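*Asks:* coords please:
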Amino acid sequence: MKKVLLYIVSLLILGACSDEIPGYHQSLRAKRVILAYLVANNNLDNYIMKNVQWMYQSLSTAQDTCTLVVYYKPYSSNKYLETAEILEFQTDGYGKINGQEVLTGSSLTTENVIAQAKHHQARLGIATDPNIMKENLRMMQDIAPAESYGLIFGSHASGWFPFLNALSRSFGQDGDENNTIDIPRLATTLEQSFPSGNLEFTLFDACMMGTAEVFYELRNATRYCVASAMETPALGFPYDRFFIDLYKDVIDYSKICSETIQFNKENNSWGTYAAVDCTAMGEVAQAIQSELLSHQSELQTLDYTQVQQYGYGQYKYFSFDVVDFISQLNGGVVPANVQNSMDKAVIAKDCLDGEEYPLMTLRIDPERFCGMGMYFPGRNISYTWDRYYQSSIAWYNAAGWDKIQP
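*Replies:* Coordinates of the predicted model:
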């Protein structure tokens, strides 16, 4: 009788495992899993590799089961990976990752971190191709099922810009400079990759993503977004200081911003960072539209060179501080509808004083940093930018720029 029962139980166990995807193991459904999509097939590879080590370092302090899944597309000179792979790290809450003692001290090296990962074959191809991105994000979720996800993007970027030349990329650079993905396609890709709407946050470890154009485009893809309005230092975010906090039910986004600013300060860099509730961007758009339509004559004469802006070099005037822009339209006053909508959207922010920590000639005034920027179309800043902005960026119509008389 016991043999019969054992046989039946064995059949049930085999049946329960029959839906496993080959090459994967099915994890228990976690409350939250952090995914990192790192397009490092460029000159940031060494820095992004170090970022993975910092993530591991913070993850190793977990007192519960936590999972990190990393898609990594390496540069040709990478010593540890030859091709795109998906790396899995799972803590047990008792000092082990992937069943091995956590790496500490002199053992905590990038080489050892990559060696300790569970390696899965990624879908090969251009990492910024929407189909390749969707397939890899799907595989990452299959590896680590969860109620909610946080997603870190790491690579080169240039905000809402389309690909125009070697220095304008929207998001990502996979080898060739034109292997990038524009923000509308990125938003659609994320919506399709997380059809349950369970992408809790997206953190952009990339330049110039902290604009109203990006946040509004992502409003149906992710709840929160962490990004910088300006170019970011190559060192990236100090994940060793806050990464483990990303698994908490309520994330302290102020800590992420402040720790990153402190890290940049220690490294004599620059920086602006903000966390934005993308679902509140509709209300922001309505408030901005009301102000733009009420001040059409002032728009024609506004000296935009006096507005706090976030671009340097060829990016100069790509993005102006939203609140400072509206304030100057109103003679230095911020209307209540704008302030209220921004208070709902920008849930955390921090920056370095640009007088002490400038990016070359670009200086940020902390008193005029609201957390996000936006472009000023129709003033001949760039005909190419204007044409793309009008045809492709949803914020253009949402904020009422399409209604402004030339």
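*Asks:* which residues of this protein fall in helices?
*Replies:* Counting by DSSP state H, one finds helices in the chain at the ranges 2-17, 45-59, 110-116, 130-143, 183-193, 212-217, 239-242, 253-266, 281-294, 296-301, 322-329, 336-345, 383-392, 394-398.
*Asks:* buried ones in stretch 343-352, by neighbour count?
*Replies:* With burial defined by 16 or more other Cβ atoms under 10 Å, the residues of stretch 343-352 counted as buried are 345, 346, 347, 348, 349, 350, 351, 352. (Each C-beta comes from the backbone N, C-alpha and C, glycine too.)
*Asks:* which of the helices of the chain sits most buried?
*Replies:* helix 212-217 (a mean of 28; mean count of other Cβ atoms under 10 Å).
*Asks:* list of residues touching that helix?
*Replies:* 159-160, 183-184, 186-187, 225, 227, 276, 278, 281-282, 284-285, 288, 322, 345, 372-375, 389, 393-395, 398-399 (Cβ atoms under 8 Å, 6 or more residues apart in numbering).
*Asks:* okay if I get the helices of the chain as a markdown table plus mean pLDDT and distance to residue 368?
*Replies:* Output for the helices of the chain, formatted as a markdown table (pLDDT from 0 to 100; distance: least, Cβ to Cβ, whole Å):
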| stretch | mean pLDDT | distance to residue 368 |
| --- | --- | --- |
| helix 2-17 | 38 | 58 |
| helix 45-59 | 98 | 30 |
| helix 110-116 | 98 | 39 |
| helix 130-143 | 98 | 36 |
| helix 183-193 | 97 | 25 |
| helix 212-217 | 98 | 16 |
| helix 239-242 | 98 | 26 |
| helix 253-266 | 98 | 16 |
| helix 281-294 | 98 | 17 |
| helix 296-301 | 94 | 18 |
| helix 322-329 | 98 | 5 |
| helix 336-345 | 98 | 13 |
| helix 383-392 | 93 | 23 |
| helix 394-398 | 98 | 21 |
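*Asks:* for residue 101, which of those is the nearest?
*Replies:* Smallest distance to residue 101 across the helices of the chain (Cβ to Cβ): 9.5 Å, for helix 110-116.
*Asks:* elements contacting the closest one?
*Replies:* helix 45-59 (3 or more Cβ pairs under 8 Å, 6 or more residues apart in numbering; DSSP states H and E).
*Asks:* other SSEs contacting the helix it packs on?
*Replies:* strand 30-39, strand 67-73, strand 85-90, helix 110-116, helix 239-242.
*Asks:* of all these, which one is nearest residue 363?
*Replies:* The nearest among the helices and strands packed on helix 45-59, by Cβ to Cβ, is helix 239-242 at 26.0 Å.
*Asks:* got the CA coordinates for that closest one in PDB?
*Replies:* Output of helix 239-242 as PDB, limited to C-alpha atoms (Å, rounded to 0.1, in the frame of the first residue of the first chain):
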ATOM      1  CA  TYR A 239      23.600  50.500  -5.300                       C
ATOM      2  CA  ASP A 240      25.600  49.200  -2.400                       C
ATOM      3  CA  ARG A 241      23.900  52.000  -0.300                       C
ATOM      4  CA  PHE A 242      20.300  51.400  -1.000                       C
END
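*Asks:* Provide the contact partners of that helix at residue level.
*Replies:* With Cβ under 8 Å, 6+ apart as the criterion, helix 239-242 contacts 51, 54, 55, 57, 58, 255, 256, 259, 263.
*Asks:* present these as TSV; the columns should include distance to residue 357.
*Replies:* Below are the contacts of helix 239-242 laid out as TSV (distance: Cβ to Cβ, whole Å):
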residue	distance to residue 357
51	21
54	22
55	25
57	26
58	25
255	20
256	19
259	16
263	12
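*Asks:* show me which of those residues is closest to residue 247.
*Replies:* Closest to residue 247, out of all of these and judged by Cβ to Cβ, is residue 58, at 10.0 Å.
*Asks:* filter the buried residues of stretch 343-352 down to just the ones in strands.
*Replies:* Those of those mapping onto strands are 346, 347, 348, 349, 350, 351, per DSSP state E.
*Asks:* could you dump those residues to CSV with distance to residue 47 and pLDDT?
*Replies:* Output for these, formatted as CSV (distance: Cβ to Cβ, whole Å; pLDDT from 0 to 100):
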residue, distance to residue 47, pLDDT
346, 27, 98
347, 28, 98
348, 24, 98
349, 24, 98
350, 21, 98
351, 21, 98
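*Asks:* turn the helices of the chain into TSV, columns for distance to residue 88.
*Replies:* Formatted as TSV, these follow (distance: least, Cβ to Cβ, whole Å):
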stretch	distance to residue 88
helix 2-17	18
helix 45-59	11
helix 110-116	10
helix 130-143	6
helix 183-193	18
helix 212-217	29
helix 239-242	17
helix 253-266	24
helix 281-294	33
helix 296-301	51
helix 322-329	39
helix 336-345	34
helix 383-392	36
helix 394-398	35
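*Asks:* great, nothing more from me.
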